[in-house]
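>>> Fold the stuff below for me.
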Amino acid sequence: MTEPRAVPPALDGRHVLAVPAATDLLPLARAWFPDARWSRAPRSGDDASAARPASGARFRGIATAPEPEVGALALAGTVELDGPHPLDAAGARAVGLPAQDSALYGLPAAVAPGTTVTPELVAGWAAAVARRAGGGVLPAARDRAVVPDPGAAVDLTLWSPAPLTVQDALPVVRPALTGSRVAPPPPATPGAAPAGFTLTAAYAYDGEVDVRCERAAEVPMVLSTIDPHEHGPWAYRVTWRPPDPYELTRETPSQLHVIARQRVAPGVAGAVAALHAAVGGTVVDVGGFVVTRDELERRARAR
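Alright, predicted model coming up:
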């Protein structure tokens with residue numbers, strides 16, 4: 001019986017991002033770092049073999065298994081990750097990661113002074129990617145893997161070029177969020193632009209879901225990578241407020257919280273899907289990543 005593949009020594013002393021083996025990391029990097037690019041593209045073993053000249057012992061029939069070549073993904077300037085380093089499912093399980101074939105990326109060991117990309121920003125991005133992709137983060141000490149719960153990312157925002165009136169929005173979201181009603185508006189600020197509106201759906205055991213429409217002064221970074229015609233400044237924020245808000249901060253929430261979340265999440269996705277059908281735009285999750293229409297519909301069906 002073969003031993004599980006260990007974390008490569010090249011990653012010793014560094015924090016490591018682990019994602020499922022087939023994950024395309026570049027779009028996830030550009031969601032937070034729009035200029036991200038492969039400064040050195042990774043190569044599979046077959047690609048590396050094809051790039052080598054047919055000479056020497058290999059050409060005479062003594063073939064050796066080619067090793068894959070690790071790439072370098074530049075987030076910004078000289079701040080780079082290196083990977084992917086493959087790790088099989090048994091090895092991932094052995095170090096506390098989800099038991100799946102994984103791709104490991106070494107996070108920058110240090111960031112040059114004066115750069116706008118801080119270690120905290122890179123760490124925040126890695127945690128968001130781990131949650132989004134269903135992976136994890138290995139700290140440099142290798143004492144305990146951090147595996148965020150993908151199901152915890154319930155809230156969604158539709159960024160659209162078109163506003164709806166509250167009278168038009170209510171029948172759009174009610175099929176997904178039964179019992180939705182217009183919430184009282186906040187106190188008006190003299191000289192300020194209209195504050196938009198909020199719809200609220202309350203549930204006896206599952207908390208409340210708010211649908212807040214407002215014109216935003218700032219948009220998520222990921223929208224800078226998308227055709228401007230596919231989004232806009234009108235934010236339709238659909239947010240779950242559980243019965244006990246403290247549960248949102250817990251690494252391992254209670255079973256009651258998880259059950260309530262599972263009941264509410266399809267309604268959140270369904271309301272956003274209905275709004276998207278009405279006004280168009282681009283959906284972004286709480287991690288700052290784009291949610292496709294197909295994924296939105298899958299979430300809405302997951303009852």
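>>> And for residue 139, the neighbour number?
Per other C-beta atoms under 10 Å, the neighbour tally for residue 139 reads 13. (Each C-beta comes from the backbone N, C-alpha and C, glycine too.)
>>> Grab the nearest non-local neighbour of it.
residue 15 (5.8 Å; C-beta to C-beta, 6 or more residues apart in numbering).
>>> Counting neighbours, what do you get for that neighbour?
Residue 15: 21 surrounding residues under other C-beta under 10 Å.
>>> ok, it - contacts?
By C-beta atoms under 8 Å, 6 or more residues apart in numbering, the residues touching residue 15 are 106, 107, 123, 126, 137, 138, 139, 140.
>>> got it, and residue 180?
Counting by C-beta under 8 Å, 6+ apart, residue 180 makes contact with 170, 173, 174, 199, 200, 201, 211.
>>> just to revisit the earlier point, which ones among the contacts of residue 15 map onto helices?
123, 126 (DSSP state H).
>>> Now render the contacts of residue 15 as a markdown table, adding pLDDT and distance to residue 78.
Putting these into a markdown table (pLDDT from 0 to 100; distance: C-beta to C-beta, whole Å) gives the following:
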| residue | pLDDT | distance to residue 78 |
| --- | --- | --- |
| 106 | 96 | 15 |
| 107 | 94 | 14 |
| 123 | 94 | 18 |
| 126 | 97 | 18 |
| 137 | 97 | 22 |
| 138 | 96 | 23 |
| 139 | 94 | 23 |
| 140 | 91 | 20 |
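>>> Which one of the contacts of residue 15 is nearest to residue 161?
Distances from residue 161 to these, taken as C-beta to C-beta, are shortest for residue 126 (32.3 Å).
>>> The closest one is in contact with residue 14, isn't it?
No: counting by C-beta atoms under 8 Å, residue 126 stays clear of residue 14, with 11.4 Å between them.
>>> tell me, what's touching the two both at once?
Each of residue 107 lies in contact with both residue 126 and residue 14 under the rule C-beta under 8 Å, 6+ apart.
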